[in-house]
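Q: Turn this into a structure:
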Amino acid sequence: MSSTILNKMAQMKLHGMWHYYKTLLDSHQANQLTHDELVDMLIQAEWEQRENKKFNRYLRQAHFRYGASVEEVDFTAHRGLDRNQLLRLADGSFVQKRENLLITGATGVGKSYLASALGHQACLLGYRTLYFNTQKLFSRLKMLKADGSYGREINKIERTDLLILDDFGMQPLDTGGRMILLEIIEDRHGRKSTLISSQLPVAKWYEIIGDSTIADAILDRMVHTANRIELKGESLRKTKK
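A: Below is the predicted model of the structure:
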């Protein structure tokens, strides 16, 4: 009977149930449980196994710059990072509410690590997340326009729950970059969350975007109601060295 049940679980791809039931049989604990307890534990094992698979899949798809986590964020450095604010963001409510997040600060203060940590947390909470270096993303999207696959990629970006654009403003945007950014922000405005990190203060973004009409449209949708983290202090790389 037990081998038949295991075979059926395997055929139905109930791998979490299979492993847990096999463990119970090998340890001779199955007979010590009531039917309700057994069913509850098998369902819990299957649910946890599927959640772990989904989390690992989301991590692979996100392509984070760092293998970061919120638990490892350094609060000892004097850089104006508020623990309570970070913990509020880490509960995923800003993604659920489709709010944006802007992280600014000088080079080396931990913007990319912090963005990766919050993205990692979003994956853990079941939100699809994509991480990009902004300049590389725009260059790639311009190339995709030439081979006709631009629409498919932009649709994937539009659907993702949390989009992370890292190192925004390293170079002024050209006409193509401005139009791509406007399309991305317009598609996601009020529907999905976007996290942007930048060495430049938000007040400088207007001139980096360039065209005043497009800059007004982007910043109006992106900035005014966004959560903000403004990191300060010396470069962590320099301090650790």
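Q: do you know how far Y20 is from I5?
A: Noted for Y20: a distance of 12 Å to I5, by C-beta to C-beta, to the nearest Å. For glycine as for every other residue, the C-beta is placed from the backbone atoms N, C-alpha and C.
Q: ok, now A106?
A: 60 Å.
Q: returning to what we had before: just want to know which of Y20 and I5 has more residues nearby.
A: When neighbours are counted by other C-beta atoms under 10 Å, Y20 and I5 differ, and Y20 comes out ahead with 21 against 13.
Q: Okay, and the more buried one sits in which element?
A: Using DSSP states H and E, Y20 falls within helix 15-26.
Q: pretty sure V73 contacts L114?
A: Yes - contact criterion C-beta atoms under 8 Å: V73 and L114 qualify, at 6.6 Å.
Q: wait, P201 sits on T104?
A: Yes - with contact defined as C-beta under 8 Å, P201 counts as touching T104 (5.6 Å).
Q: Quick check: neighbours shared by those two?
A: When contacts are counted by C-beta atoms under 8 Å, 6 or more residues apart in numbering, P201 and T104 are jointly contacted by E230.
Q: Neighbour count for those two, which is higher?
A: The neighbour comparison of P201 against T104 (other C-beta under 10 Å) goes to T104, with 23 against 13.
Q: Just list the residues touching the residue nearest in space to the middle of the chain, thanks.
A: In the chain, the centroid-proximal residue (C-alpha atoms, centre = their mean) is G119; its distance is 2.8 Å. Neighbour list for G119: A62, F64, T129, Y131, L162, I164, L195 [criterion: C-beta under 8 Å, 6+ apart].
Q: phi, psi of the residue nearest to Q135 when sequence neighbours are not counted?
A: Among residues not flanking Q135 along the chain, M170 sits closest, at 5.7 Å (C-beta to C-beta, 6 or more residues apart in numbering). Per-residue torsions, M170: phi -70, psi -30 (degrees, to the nearest 10).
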